[in-house]
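K.L.:
Below is the structure, and that's it, no one-letter string:
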């Protein structure tokens, strides 16, 4: 792996950035130390991103292959039209959480991270209705509440912002996982290339979308 994103051109000199994959934003002290050591070695600059990741920037193109080799980590994004990340709140360590959603978040991350989609896709997971991590601006959201899980769809915080639609409340964890399966299967089969999930929902109508994805769930 030698890829990086062009960040800036100053006086004709190009600098690059890379973003290693950090599942759910949870990182061990050893891995954090490794990132720090590699960044120092190649005179990089660290930036904590909004997507619960660490960007290493100000890098030279000729160093990228060695940097990835030294890190021994996967890139956070491998292809643009894919599941780019699964963002999670620290539910297991938070007094407000109604359920420790770190487990369901990691299950979703292992299953969907890097999966090809019609367009770039993000998943958000939260342990309470506060929905830390901007879950309602994610394509798919799974939120715990006292009465069960809430699943939202179609959120976007990008160039064309869109608030997510809540499609079901009060379901079990397994029902929520099965529903996410249905959502992605329907989206991949029916959406146009490059069509964000929210725009796909707007095109076909939320009622039709709900009817299709909620089959065999409730």
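P.N.:
Received the coordinates, thanks. Note that this is a predicted model, so its numbers are computed, not measured.
K.L.:
Okay, buried residues for the lowest-mean-pLDDT helix or strand in the chain please.
P.N.:
Ranked by mean pLDDT, DSSP states H and E, the weakest helix or strand in the chain is strand 5-10, scoring a mean of 86. Using 16 or more other CB atoms under 10 Å as the test for burial, strand 5-10 gives residue 7. Using the backbone N, CA and C atoms, a C-beta is placed for each residue, glycine as well.
K.L.:
packing partners for it?
P.N.:
Judged by 3 or more CB pairs under 8 Å, 6 or more residues apart in numbering; DSSP states H and E, strand 5-10 is in contact with strand 13-18.
K.L.:
can you do 10 Å?
P.N.:
Other helices and strands packing on strand 5-10, by 3 or more CB pairs under 10 Å, 6 or more residues apart in numbering; DSSP states H and E, are strand 13-18, strand 54-59.
K.L.:
Determine which stretch of the ones you listed is the most buried.
P.N.:
strand 54-59 (a mean of 20; mean count of other CB atoms under 10 Å).
K.L.:
Longest helix in this structure, by number of residues?
P.N.:
Assignment by DSSP state H gives helix 173-190 as the longest helix of the chain.
K.L.:
And the contacts of the least confident helix or strand of the chain?
P.N.:
Residues outside strand 5-10 that contact it (CB atoms under 10 Å, 6 or more residues apart in numbering) are 14-19, 45, 47, 55, 57-59, 61, 75, 77.
K.L.:
and with 7 Å instead?
P.N.:
The contact list for strand 5-10 (CB atoms under 7 Å, 6 or more residues apart in numbering) reads 14, 15, 16, 17, 57.
K.L.:
from what I can see the second one touches residue 56, true?
P.N.:
Right, residue 15. No: at 11.0 Å, residue 15 does not count as touching residue 56 under the criterion of CB atoms under 7 Å.
K.L.:
which SSE is residue 106 in?
P.N.:
Using DSSP states H and E, residue 106 sits in helix 102-112.
K.L.:
Now do the buried residues in that helix.
P.N.:
102, 104, 105, 106, 108, 109, 112.
K.L.:
residue contacts, the last one?
P.N.:
Read it as residue 112. 83, 86, 123 are the contacts of residue 112 under CB under 7 Å, 6+ apart.
K.L.:
which one of these is nearest residue 92?
P.N.:
Nearest to residue 92 out of the contacts of residue 112 is residue 86 (CB to CB; 15.4 Å).
K.L.:
contacting residues for the residue nearest to the spatial centre of the chain?
P.N.:
Compute the mean C-alpha point of the chain, and by CA atoms, centre = their mean the closest residue is residue 85, 2.2 Å away. Going by CB under 7 Å, 6+ apart, residue 85 touches 51, 76, 122.
K.L.:
Cool, thanks, talk later.
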